[in-house]
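J.: Have a look at this fold, sequence not included:
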């Protein structure tokens, strides 16, 4: 398998940090951001996800069941230099100057590149709106639900390894498909639960290179009268990896090979109750990577050596013994994006 044609990973995904100032500004990336996931680091404000398909100032909260909501003066798309942040005059927790306790508000923003507002896709049994970046293996898919089983076009041209779906119209759980647990199970992004058996990723049909299948009548993923958003990820060698590992319960923990130096990792134990742990290379620039944010919680960023990793040139190594990442009998799913530059020989230069 050849490496992806991505020459610089930060042309498609990156993490940025900033201090809130309640002033309109550009948060600079090396690309036009099409999906933006942000969290206040030092106070318990909800996560926010925005995307270019749903449009400006329209938020979802991945740690909550809430449907889509308006968030004026927060996030706007179409900025070729990154993402436009507004004054956050509605106190949404995207660019506030201070936390509720009066401290300077600090933020992290994870940005992905798709392809703007998207276009019509008729690969499935229903028509979807798809914003896709086939090079990076990422698409944003909007579709209408049904009470019947459907297939939905995702535009990736490759089989998605992970899909996150949210009902925009009402308060439901976030459903996560991960290839390591299969189409008969799901994880819930806004909760700690272990994998659940489900027909939501439907009727024994795994995603293909053109569509994913959904069971009709399930409010979380496909019911009549509701609109949905799906964030779909295909694996690209040298850039992204979606897989699983077994913990060993030791401080000298399991090594997980990705084929690149990680820049971003989310870990979720799939066989038991535990949090979704987010690590990145900007909140920790050097090992030990011990600053975590829980995707399923509004809690502020926390630091603990017992929930920690080393980001290495070709993967990550578990350094903590906490059950969130490294129980001796635990099975864990993860998603990871890389920090690498591909040279003229088509091989990633992973060292620093």
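T.: Noted; the coordinates are in hand. As the structure is a prediction and not an experimental result, all values here were calculated from the model.
J.: what number of residues lie near residue 70?
T.: 11 (other Cβ atoms under 10 Å). For the C-beta atoms, the positions are set from N, CA and C on the backbone; glycine is no exception.
J.: wait, it sits on residue 58?
T.: Yes. Assessed by Cβ atoms under 8 Å, residue 70 is found in contact with residue 58 at 6.3 Å.
J.: so how far is residue 336 from residue 243?
T.: 8 Å (Cβ to Cβ, to the nearest Å).
J.: So for those two, which residue has more residues nearby?
T.: Ranked by neighbour count (other Cβ under 10 Å), residue 243 and residue 336 place residue 336 first, with 25 against 18.
J.: residue contacts, the more buried one?
T.: By Cβ atoms under 8 Å, 6 or more residues apart in numbering, the residues touching residue 336 are 240-242, 258, 262, 264-266, 316.
J.: For it, name its beta-bridge partners.
T.: Residue 336 has these beta-bridge partners by DSSP bridges: residue 241, residue 265.
J.: end to end, how far does stretch 68-83 reach?
T.: Distance between the boundary residues of stretch 68-83 (Cα to Cα, to the nearest Å) amounts to 20 Å.
J.: again, but for stretch 199-210
T.: The first and final residues of stretch 199-210 sit 20 Å from each other (Cα to Cα).
J.: got a list of contacts for it?
T.: Contact with stretch 199-210 is made by 123-124, 149, 151, 153-154, 156-160, 163, 175, 177, 182-184, 186, 212-216, 218, 220-222, as judged by Cβ under 8 Å, 6+ apart.
J.: So which residues make contact with the helix or strand encompassing residue 233?
T.: In this assignment (DSSP states H and E), residue 233 forms part of strand 227-234. Residues outside strand 227-234 that contact it (Cβ under 8 Å, 6+ apart): 35, 51, 53-54, 60, 68, 137-145, 152, 154, 156, 158-169, 212, 221-222, 240, 242, 335.
J.: Residue 189: what's it in contact with?
T.: 62-63, 164, 173-176, 276, 295-296.
J.: State the number of residues packed around residue 6.
T.: By other Cβ under 10 Å, the residues close to residue 6 number 24.
J.: now residue 65
T.: Residue 65: 16 neighbours (other Cβ under 10 Å).
J.: about what we covered before: let me see the mean pLDDT of the strand holding residue 233.
T.: Regarding strand 227-234, the rounded mean pLDDT is 98.
J.: Paired strands for that strand, with orientation please.
T.: By DSSP bridges, strand 227-234 pairs with strand 138-144 (antiparallel), strand 160-167 (antiparallel).
J.: Show me the beta-bridge partners of residue 315.
T.: For residue 315, the beta-bridge partners are residue 257, residue 312 (DSSP bridges).
J.: what does residue 110 give?
T.: residue 15, residue 37.
J.: same question, residue 276
T.: Beta-bridge partners, per DSSP bridges, of residue 276: residue 268.
J.: what about it, how many neighbours?
T.: Residue 276 has 26 nearby residues by other Cβ under 10 Å.
J.: I'd like the distance between it and residue 270.
T.: Following Cβ to Cβ, the distance that separates residue 276 from residue 270 is 11 Å.
J.: Residue 154 now?
T.: Taken as Cβ to Cβ, the span from residue 154 to residue 270 is 23 Å.
J.: So for those two, which residue has more residues nearby?
T.: Comparing residue 154 with residue 270 by neighbour count (other Cβ under 10 Å), the higher total belongs to residue 154, at 31 against 19.
J.: tell me which of the contacts of residue 189 is nearest to residue 42?
T.: When these are compared for distance to residue 42 (Cβ to Cβ), residue 63 wins out at 16.3 Å.
J.: Local confidence estimate at the closest one?
T.: According to the prediction, residue 63 has pLDDT 98.
J.: quick one, what contacts residue 298?
T.: Contact analysis of residue 298 by Cβ under 8 Å, 6+ apart lists 44-47, 63.
J.: now do 10 Å
T.: Neighbouring residues of residue 298 by Cβ atoms under 10 Å, 6 or more residues apart in numbering: 39-40, 43-47, 61, 63-64, 93.
J.: do you know how far it is from residue 44?
T.: Going from residue 298 to residue 44 by Cβ to Cβ gives 5 Å.
J.: what's the overlap in contacts for those two?
T.: Joint contacts of residue 298 and residue 44 (Cβ under 10 Å, 6+ apart) are residue 93.
J.: Surely residue 14 is in contact with residue 108?
T.: No. The criterion here is Cβ atoms under 10 Å, and residue 14 misses it with residue 108 at 11.2 Å.
J.: higher neighbour count, the two?
T.: residue 14 (26 against 20).
J.: residues in contact with the nearest residue to that one once chain neighbours are set aside?
T.: Among residues not flanking residue 14 along the chain, residue 29 sits closest, at 5.4 Å (Cβ to Cβ, 6 or more residues apart in numbering). Counting by Cβ under 10 Å, 6+ apart, residue 29 makes contact with 10-16, 36, 79-83, 109, 111-113.
J.: ok, back up a step: show me the common contact partners of residue 243 and residue 336, please.
T.: With Cβ under 10 Å, 6+ apart, residue 243 and residue 336 have common neighbours 235, 256, 258.
J.: The last one touches residue 243, doesn't it?
T.: So the one you mean is residue 258. Yes. Using Cβ under 10 Å, residue 258 makes contact with residue 243 at a distance of 8.2 Å.
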